[in-house]
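Enquirer: Turn this into a model:
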Amino acid sequence: MKKIFATVLGCLMVLASSASAEVNASKAEAFVKDVTAEGIEDIINANIPQAEKDARFSNLFNRALDLDFIGQFVLGRNWRTSTPAQREEFIKVYRQLNVSTWSKRFDEFKGKKFIFQGTSPSNSKGQIFVNSVVPMEQGEPAKVVWRVREKNGEYKVVDIIIENVSLAITARNEYTAFIKNNPGGVDALIANLKSKI
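Expert: Residues are numbered from 1 along each chain as shown. Purely as a prediction, here's the structure:
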């Protein structure tokens, strides 16, 4: 009986350790540190024309974020009922909109510095949260949490949570409501996003 108990306990310990080691926390945090450092040093603080900043930001954004994964998430259940052509067009437009939007908003971090505070486990397989704060001129530091996904040894950001507001979930709720209230469905959403680029 003791042997059986020891064997079961050993198996449980192995499973627990493999689950906790699913995503390398130090590598995930180092990845986000590199992304923010590149963004601040090579883009925000660089003395270059805005067009060059936009190009550099687009390159960083497309490398650091898994926009295909995020795009599928934000379209929600409508992804399953969309045609392959609609999915492809939505991802393309969603990518363009985010690059355009965040390229302009990134300057808000000029003169700021991300202070990293370790990681937190995620209930989603292959994902982990990287915690950081950004000191502000007034008030408390802004809390910025990065949801990082690891796949085949490659790390990508799949959500940014600023002051407890998830950008991905906010977009998902907005797009779901838009499609629900618009007879044009996904095609109308795509047209609407194009108009914002």
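Enquirer: Where is the longest helix in this structure?
Expert: helix 84-105 (DSSP state H).
Enquirer: what helix or strand does Thr170 sit in?
Expert: Assessed by DSSP states H and E, Thr170 sits inside helix 167-180.
Enquirer: List the buried residues in that helix.
Expert: Across helix 167-180, burial judged by 16 or more other CB atoms under 10 Å covers 167-168, 171-172, 175-176, 178-179. C-beta here means a position set from N, CA and C on the backbone, and glycine is covered the same way.
Enquirer: Now the element after the longest helix of the chain, going C-ward?
Expert: With DSSP H and E, the next secondary element past helix 84-105 is strand 115-121.
Enquirer: Contacts for the next helix or strand after that following strand, please.
Expert: Next helix or strand after strand 115-121 toward the C-terminus (DSSP H and E): strand 127-134. Defining contact as CB atoms under 8 Å, 6 or more residues apart in numbering, one finds that strand 127-134 is touched by 23, 25, 28-29, 32, 36, 109, 112-122, 141-150, 158, 161.
Enquirer: Pairing partners for the helix or strand just after strand 127-134, with directions?
Expert: Downstream of strand 127-134, the first helix or strand assigned by DSSP H and E is strand 142-151. In the sheet containing strand 142-151, its partner strands are strand 127-134 (antiparallel), strand 154-162 (antiparallel), by DSSP bridges.
Enquirer: What residues sit buried inside strand 142-151?
Expert: Going by neighbour count (16+ other CB under 10 Å), the buried part of strand 142-151 is 144-150.
Enquirer: avg pLDDT for that strand?
Expert: Mean pLDDT, strand 142-151: 95.
Enquirer: And for it, what's in contact with it?
Expert: Residues contacting strand 142-151 (CB under 8 Å, 6+ apart): 22-24, 27-28, 31-32, 66, 69, 114, 120, 122, 124, 126-134, 136, 155-164, 168.
Enquirer: Could you write out the alpha-carbon coordinates of stretch 151-158 in PDB?
Expert: What follows is stretch 151-158, C-alpha atoms only, in PDB (Å, rounded to 0.1, in the frame of the first residue of the first chain):
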ATOM      1  CA  LYS A 151       4.600  28.300 -28.500                       C
ATOM      2  CA  ASN A 152       7.500  26.200 -29.800                       C
ATOM      3  CA  GLY A 153       9.900  28.200 -27.700                       C
ATOM      4  CA  GLU A 154       8.700  31.500 -29.100                       C
ATOM      5  CA  TYR A 155       7.200  34.200 -27.000                       C
ATOM      6  CA  LYS A 156       4.500  36.600 -28.100                       C
ATOM      7  CA  VAL A 157       2.300  39.100 -26.300                       C
ATOM      8  CA  VAL A 158      -1.400  38.200 -26.600                       C
END
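Enquirer: Before I go, just wanted to say thanks for your time.
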